[in-house]
Structures are given as C-alpha cells and as structure tokens.
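# the sequence and its predicted three-dimensional model are supplied below.
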Amino acid sequence: MKVRLDGDAKKQYKRLNEPALSRITEAIEGLKEEPPKGVIKPLKGQAGFRLRVGGYRILFRDMDNIRFVYRIAPRGGVYRRKK
C-alpha cells in the first residue's frame, strides 16, 4: 500500500529532531505493509487512525489503497483541531 504525507505532515516531518525522525521514518515504512505495523487505534470523534511512536502520534486515513498521513505531532497536542 502507498503512503503519502499531506502538506502539514510534510512540514511537521521536516521539523523533527534526529532520534524522533528515524523512529517516525521507520513507522511510516511500516504503514506500507498490510496489515500495518505498530500500535494503531481508530480515532474517536473523527475519521481516521492513529499510530503511536514513542511520545509522537501519526494520524492517517485510508482512501483508495493509499494511506494519507495528515498529522505528525507530540502526544500532547496532536488531537486538537486546527483553527
């Protein structure tokens, strides 16, 4: 399965420090597999799923055989809606 990073997710990905960057890169590679690797749970109150990577969360949706990653952020603020 293909994985694409949305515009905001690309910006967030580029801002990561080296230890987090390598773990998150590995986790995104795991999303390409079927079933995806990692601790994945459906989101409550919105469409999509979350992948836990240490203190970070990766939010994504499945559409037409593509996984769209739309948010990568620390656990504390990842679930807040953007204004």
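All right, it came through fine. Residues are numbered from 1 along each chain as shown.
# what lies in contact with the helix or strand bottoming out on mean pLDDT in the chain?
Among the helical and strand segments of the chain, the one scoring lowest on mean pLDDT, DSSP states H and E is helix 7-14, with a mean of 90. Helix 7-14 has contacts (C-beta atoms under 8 Å, 6 or more residues apart in numbering) with 5, 21, 24, 69-73, 82. (C-beta placed from N, C-alpha, C; glycine too.)
# so which bits of that helix are buried?
9, 12-13 (16 or more other C-beta atoms under 10 Å).
# for Leu31, state which of those residues is nearest.
Ala9 (11.8 Å; C-beta to C-beta).
# nearest residue to that closest one in space, please, no chain neighbours.
Spatially, and ignoring its direct neighbours in sequence, Ala9 is nearest to Val69 (4.6 Å; C-beta to C-beta, 6 or more residues apart in numbering).
# check contacts around the one you found.
Contacts for Val69 (C-beta under 8 Å, 6+ apart) come out as 3-6, 9, 28, 31, 58-60.
# ok, those residues vs Val39, which is closest?
When the contacts of Val69 are ranked by distance to Val39 (C-beta to C-beta), Ile58 comes first, at 10.6 Å.
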